[in-house]
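**Q** with the sequence up front, the predicted model follows.
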Amino acid sequence: MAIRTPTEPSARARRRHRMLLDISRSFEDDDPRARRPGELHLDELLEAAGIARSTFYVYFEDRADLLSALSELVLGELIEAARFWWALPDPVTRDDVREAMERIADAYRTHRGAVELAAGTAVESTRARDGFRANVGAVIASFAAGIDEGRRRGTIVDDVDPTAAATWLVWMLERGLARLLMPADAEETDRVLRSLTDLVWNILYRDAGSAR
């Protein structure tokens, strides 16, 4: 299921979205279950969120459908957070890039439990894996478009391949933020974001001024 741009959601779609948020938020605390998505049974997920099993099946086919929807939720919010990134004005500074990375990190923190749960879709089933890859593909396409627009405006180096760079960035962020940022304290968070900023700056921006 690919990430879609919503128009006017139906009442059913709004209820389904609220259920996703409830499930995501039920794992926001430092609960070890959020770090073992493959070990969670559907009943455990629903109990943590306070959702009846009968209600769940009105809106979702099964656990794989739920996890695919969670990946759509998390990665869709990553696209929203990245809109600020790709709209950075010329000249782009390292501090601008740091703020963009912080916004993306915040999008992950908002659904910290869902990040780990969504990552588990890759091993759930063929259908869940295909859904997860389609959602990641939508984020890559969004990043590639942002990089290409930056190249056109001269804020990003001209010799970077937008699709290749976007693919590396998205997979790096998807795994790196989950593994490095989620368990980090304030000091470690600053170190992680500083290193991430350095990587992005050196790959996309450092020589952009001299290339114009």
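**A** Noted; the coordinates are in hand.

**Q** tell me which helix or strand the most centrally placed residue in the chain sits in.
**A** The centroid of the chain falls nearest to Leu75 when counting by C-alpha atoms, centre = their mean (3.4 Å). If you go by DSSP states H and E, Leu75 is part of helix 63-86.

**Q** after that helix, next one along is what?
**A** helix 94-110.

**Q** how about the CA coordinates for that next one, as CSV?
**A** Presented in CSV, the C-alpha positions along helix 94-110 are these (Å, rounded to 0.1, in the frame of the first residue of the first chain):
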residue,chain,number,x,y,z
ARG,A,94,24.8,24.0,8.3
ASP,A,95,22.4,25.2,11.0
ASP,A,96,19.5,25.0,8.6
VAL,A,97,20.4,21.4,7.9
ARG,A,98,20.6,20.7,11.6
GLU,A,99,17.1,22.1,12.1
ALA,A,100,15.8,19.9,9.2
MET,A,101,17.4,16.8,10.8
GLU,A,102,15.8,17.7,14.2
ARG,A,103,12.4,18.0,12.6
ILE,A,104,12.8,14.5,11.0
ALA,A,105,14.0,13.1,14.3
ASP,A,106,11.0,14.6,16.1
ALA,A,107,8.7,12.9,13.6
TYR,A,108,10.3,9.6,14.6
ARG,A,109,10.0,10.4,18.3
THR,A,110,6.3,11.1,18.0
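
**Q** top helix in the protein by residue count?
**A** Longest helix in the chain, counting residues (DSSP state H): helix 126-153.

**Q** what stretches of the protein score poorly on pLDDT?
**A** Under the criterion pLDDT under 70, the flagged ranges of the chain are 1-8, 27-40, 112-113, 115-125, 127-128, 209-212.

**Q** can you pull the buried residues of the strand or helix carrying Arg191?
**A** With secondary structure defined by DSSP H and E, Arg191 is part of helix 186-200. Buried residues in helix 186-200, counted by 16 or more other C-beta atoms under 10 Å: Thr189, Val192, Leu193, Leu196, Thr197, Leu199, Val200. C-betas here are computed from N, CA, C, even on glycine.

**Q** report the angle between the axes of the helix holding Leu75 and helix 94-110?
**A** 160 degrees (axes from the mean of the first three to the mean of the last three C-alpha atoms, to 10 degrees).

**Q** run the chain-centre distance for helix 63-86.
**A** Relative to its parent chain, helix 63-86 has a centroid offset of 5 Å by C-alpha atoms, centre = their mean, to the nearest Å.

**Q** if we can go back for a sec, helix or strand right after the longest helix of the chain?
**A** Taking DSSP H and E, what comes next after helix 126-153 is helix 162-176.

**Q** dump that following helix to CSV, restricted to CA.
**A** Extracted in CSV, the C-alpha atoms of helix 162-176 (Å, rounded to 0.1, in the frame of the first residue of the first chain):
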residue,chain,number,x,y,z
PRO,A,162,18.9,12.4,-6.8
THR,A,163,17.5,8.9,-6.8
ALA,A,164,20.7,7.2,-5.6
ALA,A,165,21.3,9.8,-2.9
ALA,A,166,17.7,9.7,-1.8
THR,A,167,17.8,5.9,-1.5
TRP,A,168,20.9,6.0,0.7
LEU,A,169,19.5,8.8,2.8
VAL,A,170,16.1,7.2,3.4
TRP,A,171,17.4,3.8,4.4
MET,A,172,20.1,5.4,6.5
LEU,A,173,17.5,7.5,8.3
GLU,A,174,15.0,4.6,8.7
ARG,A,175,17.5,2.3,10.4
GLY,A,176,19.8,4.9,11.9
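
**Q** I am finished for the moment; much appreciated.
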